[in-house]
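Colleague: Starting from these lines, generate the structure:
(one chain, ligands or ions: 1)
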Amino acid sequence: MSAAGPPEGARPLRREDVRGAASAPSAEEAWRSAFELRDGELYAEGVPLATIAERYGTPCYVYSRAALEGAWRSLDAALAGVPHLLCYAMKANANLAVLDVFARLGSGFDIVSGGELARVVAAGGDPGRTVFSGVGKSAAEMRQALDAGILCFNVESAAELERLDAVARERGRVAPVSFRVNPDVDPKTHPYISTGLKESKFGIAYGDALPLYRRARAMPGIAIRGIDIHIGSQITDLAPYREAARKVLDLVDRLAGEGIRLEHVDLGGGLGIRYRDETPLPVDEYAAMLRGLFEGRAEKLVLEPGRWLVADAGVLLTRVEYLKPGPAKHFAIVDAAMNDLLRPALYDAWHGVDPVRPRAGPGSRWEIVGPVCESADFLAHDRVLDLEPGDLLAIRTAGAYAMAMSSNYNARPRAAEVMVDGDRAHLVRRRETASELHAAESTLAR
Ligand code: LLP
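Modeller: Numbers count the residues shown, from 1 in each chain. You can find the predicted model right below:
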């Protein structure tokens, strides 16, 4: 640690960091303290992270059940009085144990593939509370979802609508649909995760929506149920949400004027969180805006939150293999890499890095890098830490889009995943073995 006090990146999030927190944590904030220092070492709920590393090895993702439940419950409670359904966007983290935690709370799910639908079913989730997003649904995925009885297909183009109508008729079914409309609103976030601008591949152009609803009304394989948008991810500003929601509700009213009444309005996901120094939108402000918009309306509100529900509920636990001080930069080579956590390499994303057992020394500036053969293989730049080989580090806010985006690049087995529940740690995905990685391959017959 630096002599001048702990550097930003080496300090666990404390309660007072959460905007608006008073000395006593509110119910909403209590769950944010799932990973805290106790007697000089980092814990996940009641379990020392060092114990988890010992037992299951590193790299290892560690999730807190209390944090997952706390996040879901606080969003649900903030929307009390507004008829709503939370459909967890499981692309953020699709581990079965995570899905099970949400399913037990009565959550719905937002899926983007047949594989994700299979996971909902395997985890005991309810297909009847599942919406199917995505621009490229295959006919096979449509059949699978029709047979499972999902709540709704979020249709993104006229071509998809035609295919769905045909597939449903062939199957002797009627497909429930919502149209994902592109409201052409700038969410002011990273360009890779902006999805609601007219240049984007997502959704149906705002002006094309009404004619498409009219066409859909005449299709025997289609039942119109709703409308949806998703303007982007890691949004910290209320204004784009409000603007997009107003545009959508305006369409809903115009549809009603033509006798097309929708059952639900799905405003997508996108709620941002704090990775470093962002000021996330307080959930109560977001909920108050929604309450204002939906007061007196007949349609049910559907949301598709991903990151906000899971990001703070996970850390990536990694061990320092080597220290390699250099003439220009000092490298701390750890056993996690870009294949485990791609966000820094792909988006230049910032994740906090906390020592599991912090020392009081002044520390040095380290590049935290992995063993993969790419210069983009970094987890963090320029962090002041007092490190020794063998030290354990916790990479923060790694519950969302972390394990979910991992790969086997460099033939690296994917990390283990552990969920802590109070004083107990459960292995919820064992580490892959090297032979599993090539088990599905074969060489040419000789
Ligand atoms: N609904 C739809 C249709 C989506 O495409 C997404 C995310 C969500 C909901 C959930 O958004 P969230 O609440 O998580 O912001 N890999 C990127 C994020 C990609 C988001 C893709 N779509 C990252 O690591 O930042």
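
Colleague: excluding its backbone neighbours, what's nearest the residue nearest to the spatial centre of the chain?
Modeller: Closest residue to the average C-alpha location of the chain: A92 at 2.7 Å, with Cα atoms, centre = their mean. Nearest in space to A92, with sequence neighbours left out and distances taken as Cβ to Cβ, 6 or more residues apart in numbering, is G306 at 3.5 Å. The way it works is simple: take the backbone N, C-alpha and C, and place the C-beta from them, glycine included.

Colleague: what number of residues lie near the one you found?
Modeller: Other residues lying near G306 total 24 when counted by other Cβ atoms under 10 Å.

Colleague: Local confidence estimate at it?
Modeller: Note for G306: predicted pLDDT of 98.

Colleague: show me the contacts for it.
Modeller: Contact partners of G306, counting by Cβ atoms under 8 Å, 6 or more residues apart in numbering, are 88-93, 110, 233, 269, 400-401.

Colleague: go on, A148?
Modeller: Contact partners of A148, counting by Cβ under 8 Å, 6+ apart, are 117, 121, 127, 130.

Colleague: what do you get for F109?
Modeller: Listed by Cβ under 8 Å, 6+ apart, the contact set of F109 reads 87-90, 99, 102, 116, 120, 125, 129-131.

Colleague: most surrounded residue in those residues?
Modeller: With neighbours taken as other Cβ under 10 Å, the top of those is Y88, carrying 32 neighbours.

Colleague: bridging residues for that residue?
Modeller: F109 (DSSP bridges).

Colleague: tell me the contacts of it?
Modeller: Y88 sits next to 72, 99, 102, 107-110, 304-306, 309 when contact means Cβ under 8 Å, 6+ apart.

Colleague: re earlier: quick one: pLDDT of the residue nearest to the centre of the chain?
Modeller: As predicted, A92 sits at a pLDDT of 98.

Colleague: For it, give me its contacts.
Modeller: 306-307, 309-311, 399-401, 404.

Colleague: Any chance of TSV for those residues, columns secondary structure?
Modeller: Below are those laid out as TSV (DSSP: H, G, I helix; E, B strand; the rest coil):
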residue	secondary structure
G306	coil
R307	helix
L309	helix
V310	helix
A311	helix
G399	coil
A400	coil
Y401	coil
A404	helix
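
Colleague: a markdown table please, covering the residues you listed and showing distance to D348.
Modeller: Putting those into a markdown table (distance: Cβ to Cβ, whole Å) gives the following:
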| residue | distance to D348 |
| --- | --- |
| G306 | 20 |
| R307 | 17 |
| L309 | 24 |
| V310 | 21 |
| A311 | 17 |
| G399 | 20 |
| A400 | 17 |
| Y401 | 14 |
| A404 | 19 |
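
Colleague: ok, and of those, which contact the ligand?
Modeller: Of the residues in the contacts of A92, proximity to the ligand by Cβ under 6 Å from any ligand atom holds for 306-307, 401.

Colleague: between those residues, which is nearest Y286?
Modeller: Comparing the ones next to the ligand among the contacts of A92 against Y286 with Cβ to Cβ places R307 closest, at 13.6 Å.

Colleague: what does the model give the residue lying closest to that closest one once chain neighbours are set aside for pLDDT?
Modeller: Closest residue to R307 apart from its sequence neighbours, by Cβ to Cβ, 6+ apart: A400 at 4.2 Å. A400 carries a pLDDT value of 98.

Colleague: so who does A400 touch?
Modeller: A400 neighbours (Cβ under 8 Å, 6+ apart): 92-93, 273, 306-307, 309-311, 314.

Colleague: At the contact with the ligand, which residues of the stretch 101-250 of the chain appear?
Modeller: Proximity of the stretch 101-250 of the chain to the ligand (Cβ under 6 Å from any ligand atom) is limited to residues 110, 133, 193, 230, 233-234.

Colleague: Which members of those residues are the farthest-apart pair?
Modeller: Spatially, the most separated pair among these is S133 and Q234, at 17.4 Å (Cβ to Cβ).

Colleague: Which one of the two is surrounded by more residues?
Modeller: Taking other Cβ under 10 Å, S133 and Q234 do not tie; S133 has more neighbours (27 against 24).

Colleague: so which strand or helix has V384?
Modeller: In this structure, V384 sits in strand 378-385 according to DSSP states H and E.

Colleague: quick revisit: just want the phi and psi numbers for the residue nearest to A92.
Modeller: Dihedral angles of G306 (phi, psi; degrees, to the nearest 10) stand at phi -120, psi -80.

Colleague: before we move on, back to that, of the contacts of G306, just say which sits nearest to R291.
Modeller: The closest of these, once distances to R291 are taken by Cβ to Cβ, is G269, at 18.4 Å.

Colleague: So what does that closest one look like in phi/psi?
Modeller: Main-chain dihedrals, G269, degrees, to the nearest 10: phi -110, psi -150.

Colleague: hang on, isn't it packed against L303?
Modeller: Yes: contact status for G269 versus L303: in contact at 6.8 Å, counting by Cβ atoms under 8 Å.

Colleague: Average pLDDT for the longest strand anywhere in the chain, rounded please.
Modeller: In the chain, assigned by DSSP state E, the strand with the most residues is strand 314-324. Averaging pLDDT along strand 314-324 gives 98.

Colleague: same check, this time on stretch 170-190
Modeller: Across stretch 170-190, pLDDT averages out at 91.

Colleague: How far off centre is it?
Modeller: For stretch 170-190, the separation from the chain centroid amounts to 19 Å (computed by Cα atoms, centre = their mean, to the nearest Å).

Colleague: so how far does it reach from one end to the other?
Modeller: End-to-end distance for stretch 170-190: 41 Å, by Cα to Cα, to the nearest Å.

Colleague: For whichever residue of the stretch 1-150 of the chain sits closest to the ligand, which non-adjacent residue is spatially closest?
Modeller: Relative to the ligand, the nearest point of the stretch 1-150 of the chain is A89 (3.5 Å; Cβ to the nearest ligand atom). Of all residues not flanking A89 in the chain, G306 sits nearest, at 3.2 Å (Cβ to Cβ, 6+ apart).
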